[in-house]
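>>> have a look; sequence and predicted model below, questions after that.
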Amino acid sequence: KVSADIVLVYGDIQYPKGFITLVFKENLAKVGLIAVDQQHQNEGIGKALMEAAEYFAIKNNFTTLEIITQTENKNACAFYERIGCHQTNILYTHHHWKKHANTI
């Protein structure tokens with residue numbers, strides 16, 4: 001299940017080559033997921049989807065289009081940089097997992 005306010009699809013709706021999801025909050029449009037079918041990567045589809053998301057955000061009066069990714073995801077970071085996105089913030093999230101003792 002994908003949680004999104006809108007899904008923009010590239011290609012046939014039944015067999016899309018890619019899609020991008022957007023979530024809205026006040027003046028913010030936030031990219032949730034962006035995916036391109038592996039057989040159609042390096043065809044400019046990801047860039048087209050990002051341009052469509054930006055166009056949609058502007059036309060609907062959103063002041064910010066936010067993209068969040070992990071710095072360890074080098075492919076995503078390189079993609080966003082190639083299409084002209086710039087890092088504005090780094091947020092460190094630490095997870096603590098409690099180990100539960102086995103009880104008999």
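Alright, I've got the coordinates. Note that this is a predicted model, so its numbers are computed, not measured. Numbering: from 1, shown residues only.
>>> pretty sure Leu22 is in a strand, no?
Yes. Assessed by DSSP: H, G, I helix; E, B strand; the rest coil, Leu22 belongs to a strand.
>>> beta-bridge partners for it, please?
Taking DSSP bridges as the rule, Leu22 bridges to Ile6, Val31.
>>> list the residues that contact it.
Leu22 makes contacts with 4-8, 29-32, 53, 56-57, as judged by CB atoms under 8 Å, 6 or more residues apart in numbering. For the C-beta atoms, the positions are set from N, CA and C on the backbone; glycine is no exception.
>>> what's the answer for Lys99, then?
By CB under 8 Å, 6+ apart, the contact list for Lys99 is empty.
>>> hmm, back to that, what subset of the contacts of Leu22 is buried?
Buried members of those, counted by 16 or more other CB atoms under 10 Å: 4, 8, 29-32, 53, 56-57.
>>> and those residues, which is closest to Tyr92?
Lowest distance from Tyr92 to those (CB to CB) belongs to Lys30, with 19.2 Å.
>>> and the closest one, how close does it get to Tyr15?
27 Å (CB to CB, to the nearest Å).
>>> want to throw the contacts of Leu22 into JSON lines with distance to Gly46 and pLDDT?
Putting the contacts of Leu22 into JSON lines (distance: CB to CB, whole Å; pLDDT from 0 to 100) gives the following:
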{"residue": "Ala4", "distance to Gly46": "17", "pLDDT": "93"}
{"residue": "Asp5", "distance to Gly46": "20", "pLDDT": "94"}
{"residue": "Ile6", "distance to Gly46": "17", "pLDDT": "95"}
{"residue": "Val7", "distance to Gly46": "15", "pLDDT": "95"}
{"residue": "Leu8", "distance to Gly46": "12", "pLDDT": "96"}
{"residue": "Ala29", "distance to Gly46": "17", "pLDDT": "96"}
{"residue": "Lys30", "distance to Gly46": "17", "pLDDT": "95"}
{"residue": "Val31", "distance to Gly46": "11", "pLDDT": "95"}
{"residue": "Gly32", "distance to Gly46": "15", "pLDDT": "92"}
{"residue": "Ala53", "distance to Gly46": "11", "pLDDT": "96"}
{"residue": "Phe56", "distance to Gly46": "16", "pLDDT": "96"}
{"residue": "Ala57", "distance to Gly46": "17", "pLDDT": "95"}
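>>> kind regards, and thank you for your time.
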